[in-house]
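[1] sequence and predicted model, in that order:
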Amino acid sequence: MYEDKERWNKRFVEFPMPDNVAKIVEKYVDQANIGEALDLACGTGRNTHFLAEKGFIVDAVDLSDYALARVKKTATINKIEADLDKYNITPHKYDLIVNINYLNRRLVSQMKDALKKDGVIIFETFILAHGDYKHETMNLDYLLRKNELLHSFIGLDVIYYEERDDVNLRGEKIRTASLVAKKS
C-alpha cells in the first residue's frame with residue numbers, strides 16, 4: 001500500500017488534476033436524489049466539491065493523502081483515506097456513486113449493492129485501444145474491454161452509455177466508456 005500511495009502522490013504532484021467537474025457528472029447529477037454520495041478515487045475533489053455544493057453528503061475516498069489534503073473540509077464531505085484494493089463499500093447506503101477515471105473490478109458488484117433504490121451510478125474510465133492511443137497505464141487490469149462497462153452493470157436501468165474517442169488532460173488520444181444507470 002505504501003508504494004501505491006507514494007506513486008499516486010507523485011502523480012498528483014506531477015500531473016495536477018483540473019478543478020472543473022467531470023462533464024458526465026455535471027450533466028447527469030440531477031438523475032439522482034439528493035442524499036448520500038460516494039466519490040471513489042476522488043483525487044483532489046473536483047467532483048466531490050460539486051456534489052457537496054449540490055446538497056449531497058459525500059464520502060470522498062482516495063489512497064493519496066496528498067490529493068485528499070486538497071479536498072475541502074466541510075460538514076458535508078467525509079474524507080476517507082483508503083486503499084481501494086481493500087476498501088469495502090457499505091451496502092444500500094448511497095443515492096449516488098461517482099467513479100471517474102478509475103477501474104477496480106473488485107468494487108463493481110459492491111457499487112451495485114451500495115446503491116439505494118433509485119440510486120444512480122455515474123462511471124467513466126478508459127478502454128483498451130490499439131493503434132495511436134495513449135493511456136496513463138499500460139497495466140491491462142486498469143483498462144476496460146469493449147462493452148465491459150455496460151455488461152458490468154446489467155440489472156440496472158441504463159440511462160446513458162457510450163464508448164468514444166477522447167483526449168486526456170495531456171492532449172493524448174484515448175478511448176473512454178461512460179455509463180449512467182439507476183437501480184430500480
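    Received it, and whenever you're ready, just let me know what you need. Note that the structure is a prediction, hence the values are computed from the model and not measured.
[2] quick one, strands of the protein?
    36-40, 57-62, 77-81, 94-100, 115-126, 157-167, 173-182 (DSSP state E).
[3] list the contacts for Ser184?
    Lys117, Asp118, Leu156, Asp157 (Cβ atoms under 8 Å, 6 or more residues apart in numbering). C-beta coordinates here come from the backbone N, C-alpha and C atoms, glycine included.
[4] ok, the second one - how many residues close by?
    Summarising burial for Asp118: neighbours were counted as other Cβ atoms under 10 Å, giving 14.
[5] return the distance of it relative to Leu150.
    20 Å (Cβ to Cβ, to the nearest Å).
[6] pretty sure His92 contacts Lys116?
    Yes - between His92 and Lys116 there is a contact at 5.8 Å, judged by Cβ atoms under 8 Å.
[7] so between these two, which is more surrounded?
    Lys116 (17 against 11).
[8] PyMOL command to pick out the buried ones of the contacts of Ser184?
    Buried residues among the contacts of Ser184 (16 or more other Cβ atoms under 10 Å), as a PyMOL selection:
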select buried, resi 156
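[9] what sits against the residue minimising distance to the centre of the chain?
    In the chain, the centroid-proximal residue (Cα atoms, centre = their mean) is Asn99; its distance is 1.6 Å. Asn99 sits next to Leu40, Ala41, Leu107, Met111, Ile121, Ile122, Phe123, Glu124, Thr125 when contact means Cβ under 8 Å, 6+ apart.
[10] report the beta-bridge partners for the fifth one.
    In this entry, Ile121 is beta-bridged to Ile97, Ala181, by DSSP bridges.
[11] per-residue pLDDT, it?
    pLDDT, Ile121: 98.
[12] next, count neighbours for it.
    26.
[13] that one and Lys72, how far apart?
    24 Å.
[14] follow-up on the earlier one: can I get the strands of the chain in TSV including distance to Asp141?
    Formatted as TSV, the strands of the chain follow (distance: least, Cβ to Cβ, whole Å):
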stretch	distance to Asp141
strand 36-40	16
strand 57-62	19
strand 77-81	22
strand 94-100	15
strand 115-126	12
strand 157-167	19
strand 173-182	16
